[in-house]
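[1] Just the structure for this:
(one chain, ligands or ions: 4)
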Amino acid sequence: MRLIMAEVFNSWQGEGGSVEGSAFGRRQIFVRFAGCDLNCAWCDSREYIDASRVSRWRYEVEPFTGKFEYKPNPAELDEVINAILRLDTGDIHSISYTGGEPTLQVKPLKTLMEKMKELGFDNFLETHGGLPELTKEVATLVDYASVDIKDETARATEDWKALVLREVESIRILKTAGAKVYAKLVVTKGTKPENVRWYAELLRGLAPLVIQPKEPIDISQKELMEFYREAAKVMGRKNVGLSFQVHKYLNVL
Ligand SMILES: C[S@@+](CC[C@H](N)C(=O)[O-])C[C@H]1O[C@@H](n2cnc3c(N)ncnc32)[C@H](O)[C@@H]1O
Ligand SMILES: Nc1nc2[nH]cc(C(=O)O)c2c(=O)[nH]1
Ligand code: SF4
Ligand SMILES: [Mg+2]
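    Ligands and ions are numbered 1, 2, ... in the order given. Model prediction:
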């Protein structure tokens with residue numbers, strides 16, 4: 001089975017903060033799929049969005065060395081499994097499937113998740129959640145999920161409100177299947193409080209929310225706290241948290 005890959009590396013989860021379902025600070029092996037159907041203005045993995053331009057993928061030869069070996073795309077699934085297993089440092093909390101958008105390649109994603117479960121690993125899905133029908137195909141194999149809520153300022157797609165509703169549907173599907181799920185909202189200085197209230201209404205009683213400032217940060221702490229307070233008023237004070245891309249501050253992958 002073949003797939004278009006971006007990279008495999010061993011690091012620790014830098015996002016998610018402290019809400020229920022977050023794996024922040026936990027050791028993970030990251031499997032980054034190439035290809036995405038959205039186009040977030042602030043995407044930090046932009047080079048992997050157009051899968052047709054990702055001619056090769058890379059895997060770290062040893063954790064935290066920044067040394068990689070390269071193979072041509074499409075990758076064979078066995079090559080990816082080998083790359084993951086050789087990075088197993090014995091302290092891995094879960095395998096993080098990210099991208100690009102991992103659910104776009106749902107068949108190899110599902111086979112890989114099944115294999116990693118068989119080998120005793122938990123599965124952490126990092127998804128934009130905009131493809132609930134594909135989310136459904138892997139939901140029972142997901143132990144943890146971070147599902148983005150793409151704010152209007154992400155300019156991820158034309159009909160951004162319909163995308164938000166599909167993301168909430170993916171959250172519901174994952175929760176029903178037994179996964180620990182949280183929503184992640186990347187905010188910018190243009191984010192509107194009334195939109196934060198709308199997201200919070202959709203998420204109330206469904207999943208906790210982390211509010212993550214776009215990097216590089218352009219929002220003041222005062223504005224960030226205003227969004228936090230708006231969400232907490234709707235969702236309850238225990239169901240909202242902050243998340244920062246801490247790995248970027250410590251210069252690790
Ligand atoms: C690159 S995306 C890949 C997974 C999936 N396509 C998604 O968007 O959730 C992984 C995570 O990085 C976050 N991210 C990407 N660029 C960012 C930036 N410039 N600032 C803050 N978060 C960012 C996204 O919000 C997402 O939660
Ligand atoms: N350390 C680290 N944590 C992460 N959390 C989400 C990431 C992603 O790109 O999906 C990511 C990443 O790229 N690196
Ligand atoms: S959905 Fe994820 S991978 Fe796709 S453009 Fe947005 S942040 Fe980047
Ligand atoms: Mg990243």
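[2] List, one by one, the residues from the chain near ligand 1.
    36, 42-45, 98-99, 101, 126-128, 148, 184, 186, 212, 214-215, 245 (Cβ under 6 Å from any ligand atom). (Glycine included, C-beta is placed from N, CA and C.)
[3] Only the C-alpha atoms, please, for stretch 26-39, written as PDB.
    C-alpha atoms of stretch 26-39 as PDB (Å, rounded to 0.1, in the frame of the first residue of the first chain):
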ATOM      1  CA  ARG A  26       4.400  13.700  26.000                       C
ATOM      2  CA  ARG A  27       6.900  11.900  23.800                       C
ATOM      3  CA  GLN A  28       5.500  11.100  20.400                       C
ATOM      4  CA  ILE A  29       6.600   9.800  17.100                       C
ATOM      5  CA  PHE A  30       5.100  12.200  14.400                       C
ATOM      6  CA  VAL A  31       3.900  10.800  11.100                       C
ATOM      7  CA  ARG A  32       3.300  13.800   8.800                       C
ATOM      8  CA  PHE A  33       1.200  13.100   5.700                       C
ATOM      9  CA  ALA A  34       1.600  15.200   2.600                       C
ATOM     10  CA  GLY A  35      -1.400  16.900   0.900                       C
ATOM     11  CA  CYS A  36      -4.100  19.100   2.200                       C
ATOM     12  CA  ASP A  37      -7.500  20.300   0.800                       C
ATOM     13  CA  LEU A  38      -7.500  23.600   2.800                       C
ATOM     14  CA  ASN A  39      -5.200  26.600   2.700                       C
END
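[4] does any bit of that stretch sit next to ligand 3?
    Yes: using Cβ under 6 Å from any ligand atom, stretch 26-39 reaches ligand 3 at 36, 38-39.
[5] Out of these, which is nearest to residue 225?
    Nearest to residue 225 among the residues of stretch 26-39 next to ligand 3 is residue 38, at 28.2 Å by Cβ to Cβ.
[6] Pull the contacting residues for that closest one.
    If you count contacts by Cβ atoms under 8 Å, 6 or more residues apart in numbering, residue 38 has them with 101, 128, 130, 150, 156-157, 163.
[7] rerun at 10 Å
    Residues in contact with residue 38 (Cβ atoms under 10 Å, 6 or more residues apart in numbering) are 49, 100-101, 128, 130-131, 148, 150, 154-157, 160, 163.
[8] One more: residue 170?
    Contact partners of residue 170, counting by Cβ under 10 Å, 6+ apart, are 103, 125, 127-136, 139, 145, 147-148, 181, 183.
[9] just residue 173 next, same as before
    Residue 173 makes contact with 129, 132-133, 135-139, 142, 145, 147, 179, 181, according to Cβ under 10 Å, 6+ apart.
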